[in-house]
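Enquirer: Any chance you could fold what I've pasted below:
(chains A and B)
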Amino acid sequence: NAGVTQTPKFRILKIGQSMTLQCTQDMNHNYMYWYRQDPGMGLKLIYYSVGAGITDKGEVPNGYNVSRSTTEDFPLRLELAAPSQTSVYFCASSIQGGGNTEAFFGQGTRLTVV
Amino acid sequence: AQRVTQPEKLLSVFKGAPVELKCNYSYSGSPELFWYVQYSRQRLQLLLRHISRESIKGFTADLNKGETSFHLKKPFAQEEDSAMYYCALSGGNTGTASKLTFGTGTRLQVTL
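Expert: Numbers count the residues shown, from 1 in each chain, chains lettered A, B, ... in the order given. Next up, the predicted model:
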């Protein structure tokens, strides 16, 4: 039972490079989320999706793009990497919406932009 | 805007001592509150949510709307409780995404 799987676990990018952080879940959850966590800070929501084909911005979407072509996958794209995007990225999913729903998290991707 | 505050970055206690991890929130509506925990080399996972009113691994948390607090408590700390604890708030309604606002986290260190 894999749950939420993120790849890669670590990555170093040069300024201006692009990359895609992969996230896949095998729990058939409709809702998926991307958070970032800067050192000493809480997680902040970047983007989320309520189902295949539907995405929306969270609190800190600038510099990122997402797509949701299938229920399982929710990749996060960085087009022009900047040092400010150095962070740990977490993907999460939930079976339903609503305030009381448990979120299931991936193990995170540690990204450094130099 | 919703906000979650965890005033302590680090809480160090002796094994067997009581534990209280503080969490205060700011939200104009009726919040749903959670405690998530991250053990060393493991992923972030739900510890408990206020609506369940249950005790998990000996931990409890009571929502105090008057003080806008949701402190996490355990009467006797164990070594295996050492972890990073995050308080989180969701203001979503049924049918909307469960978007969480997290506090900055408190590292609990239980020593012998």
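
Enquirer: which residues touch B:G29?
Expert: Applying C-beta atoms under 8 Å, 6 or more residues apart in numbering or on different chains, we find B:G29 in contact with B:G91. Yep, even glycine has a C-beta here, placed from its N, CA and C like the rest.

Enquirer: Which of the three states applies to it?
Expert: At B:G29 the chain is in coil, as set by DSSP: H, G, I helix; E, B strand; the rest coil.

Enquirer: so how far is A:Y31 from it?
Expert: To A:Y31, B:G29 is 20 Å away according to C-beta to C-beta, to the nearest Å.

Enquirer: Could you give the bridge partners of A:L43?
Expert: A:Q37 (DSSP bridges).

Enquirer: what residues are up against residue 33?
Expert: By default, I'm working from chain A. Per C-beta under 8 Å, 6+ apart, neighbours of A:Y33: A:45, A:47-49, A:58, A:91-94, A:103, B:97, B:99-100.

Enquirer: switch to chain B, that's the one I care about
Expert: Here B:L33 is in contact with B:C23, B:Y25, B:R49, B:H50, B:A61, B:L63, B:F70, B:C87, B:A88, B:L89, B:S90 (C-beta under 8 Å, 6+ apart).

Enquirer: touching chain A at all, stretch B:16-27?
Expert: No. Stretch B:16-27 lies out of reach of chain A by C-beta under 8 Å from any C-beta of the partner chain, never closer than 10.3 Å.

Enquirer: May I have that stretch exported as CSV, CA atoms only?
Expert: Taking C-alpha atoms only, stretch B:16-27 is exported to CSV below (Å, rounded to 0.1, in the frame of the first residue of the first chain):
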residue,chain,number,x,y,z
GLY,B,16,7.3,10.4,32.4
ALA,B,17,6.7,14.2,32.7
PRO,B,18,3.5,15.8,31.4
VAL,B,19,3.5,17.4,28.0
GLU,B,20,1.6,20.4,26.6
LEU,B,21,2.2,21.6,23.1
LYS,B,22,0.5,25.0,22.6
CYS,B,23,-1.5,26.0,19.6
ASN,B,24,-3.5,29.1,19.1
TYR,B,25,-5.6,30.0,16.0
SER,B,26,-7.2,32.9,14.3
TYR,B,27,-10.3,32.2,12.1
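
Enquirer: Can you give me the distance of the residue nearest the centre of chain A to B:F34?
Expert: Against the mean C-alpha coordinate of chain A, by C-alpha atoms, centre = their mean, the closest residue is A:W34 at 2.9 Å. Separation of A:W34 from B:F34 (C-beta to C-beta) stands at 18 Å.

Enquirer: With B:Q78 instead?
Expert: 21 Å.

Enquirer: ok, these two, which is more surrounded?
Expert: B:F34 (29 against 13; other C-beta atoms under 10 Å in any protein chain shown).

Enquirer: strands paired with the host helix or strand of the more buried one, and their directions?
Expert: Per DSSP states H and E: B:F34 is located in strand B:32-38. Using DSSP bridges, strand B:32-38 pairs in its sheet with strand B:45-49 (antiparallel), strand B:83-90 (antiparallel).

Enquirer: from the chain's centre, how far out does the longest one sit?
Expert: When you say that, I think you mean strand B:83-90. 4 Å (C-alpha atoms, centre = their mean, to the nearest Å).

Enquirer: Could you do the shortest one as well?
Expert: Mean-position distance between strand B:45-49 and its chain equals 8 Å (C-alpha atoms, centre = their mean).

Enquirer: list the buried ones in it?
Expert: B:L46, B:L47, B:L48, B:R49 (16 or more other C-beta atoms under 10 Å in any protein chain shown).
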